[in-house]
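K.L.:
give the three-dimensional model of this entry:
(one chain, ligands or ions: 1)
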Amino acid sequence: MSTATDAVTLMKQQVGKAAADRVKSGSIVGLGTGSTTAYAIQYIGERIQSGELTDIKGIPTSFQAEVLAKKYGVPLTTLDEVDHIDVAIDGADEVDPNKNLIKGGGAAHTREKVVDSLADQFIVVVDSSKLVDKLGSTFLLPVEVLPMAMTPVMRAIAKLGGKPELRMGIKKAGPVITDQGNFVIDVKFDKIDNPAELEKTLNNLPGVLENGLFVNVTDVVLIGEIKDGQPVVREM
Ligand SMILES: O=C(CO)[C@H](O)[C@H](O)COP(=O)(O)O
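P.N.:
Sure, this is the predicted structure:
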């Protein structure tokens with residue numbers, strides 16, 4: 001293994017594969033967003049193409065997931081067509097010891113929360129760098145907001161003790177636009193003591209669509225690590 005980047009890629013691949021291996025034929029599968037879940041979607045597609053996995057229907061959490069599912073041959077459906085989701089696989093930006101999460105690094109947390117919360121089993125796939133003692137330690141908390149409500153929402157967040165900043169595009173002038181056509185405000189909180197309460201408080205601000213706190217939603221966390229130079233996966 002030559003660089004740290006290679007190690008992270010290997011961990012993501014291994015953990016994505018481990019999650020894809022848990023999918024059973026006949027399942028309706030929530031397809032998450034991000035670079036780690038991308039490997040899970042790829043491996044689910046490979047298992048379908050090899051004939052090992054049959055009768056799979058995927059529900060994408062973003063335009064990215066939809067594009068990847070089509071690329072790797074994972075058939076898609078919508079929430080209008082199904083009455084349940086068997087399993088959802090998704091990444092995270094932070095995971096605390098209670099399996100609560102910060103998500104939304106890819107600005108997809110609103111649709112991710114809909115799909116991941118509906119799943120009978122929600123599997124989170126991360127590399128070990130995502131584990132924290134307390135949410136808010138390393139990552140800003142994403143809040144999706146209607147563009148016309150941006151300023152009052154930022155003021156209200158500042159009154160709650162957060163430091164809000166509008167997420168700007170990379171290789172795109174101006175703000176990031178979500179798949180729903182909204183903005184994302186990233187908020188620095190000095191450690192989040194009560195994620196359940198903060199999740200509700202933020203979602204109660206008029207103009208907020210959804211925030212990236214996922215509380216009591218996760219069933220299993222698969223963690224990719226490097227041990228003795230080799231990528232391994234452990235379960236939390
Ligand atoms: O929440 C997300 C997208 O909104 C992603 O799942 C999260 O950002 C993790 O992404 P990655 O696997 O690329 O680190």
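
K.L.:
find the nearest non-adjacent residue to the spatially most central residue of the chain, please.
P.N.:
The chain has residue 91 as the residue nearest its centroid, 4.1 Å off, counting by C-alpha atoms, centre = their mean. Using C-beta to C-beta, 6 or more residues apart in numbering and skipping residues adjacent in sequence, the residue nearest residue 91 is residue 34, 3.8 Å away. Every residue, glycine included, has its C-beta placed from N, CA and C.

K.L.:
what about the longest helix in the protein?
P.N.:
helix 4-21 (DSSP state H).

K.L.:
state the mean pLDDT of it.
P.N.:
In this model, helix 4-21 carries a mean pLDDT of 91.

K.L.:
okay, now residue 103: neighbour count?
P.N.:
When neighbours are defined as other C-beta atoms under 10 Å, residue 103 has 31 of them.

K.L.:
pLDDT score for it?
P.N.:
98.

K.L.:
just checking, it touches residue 214?
P.N.:
Yes: with contact defined as C-beta atoms under 8 Å, residue 103 counts as touching residue 214 (5.6 Å).

K.L.:
for those two, list the residues in contact with both.
P.N.:
Counting by C-beta atoms under 8 Å, 6 or more residues apart in numbering, the residues touching both residue 103 and residue 214 are 92, 109, 113.

K.L.:
residues touching the second one, list them.
P.N.:
Okay, so that is residue 109. Per C-beta under 8 Å, 6+ apart, neighbours of residue 109: 103, 142, 144, 210, 211, 212, 214.

K.L.:
which of those come close to the ligand?
P.N.:
residue 103 (C-beta under 6 Å from any ligand atom).

K.L.:
now, which of the contacts of residue 109 sits nearest the ligand?
P.N.:
Nearest to the ligand among those is residue 103, at 3.5 Å by C-beta to the nearest ligand atom.

K.L.:
contacting residues around that closest one?
P.N.:
Residue 103 neighbours (C-beta under 8 Å, 6+ apart): 90, 91, 92, 93, 109, 112, 113, 142, 212, 214.

K.L.:
select from those residues every entry located in helices.
P.N.:
Per DSSP H, the contacts of residue 103 map to helices at 109, 112, 113.
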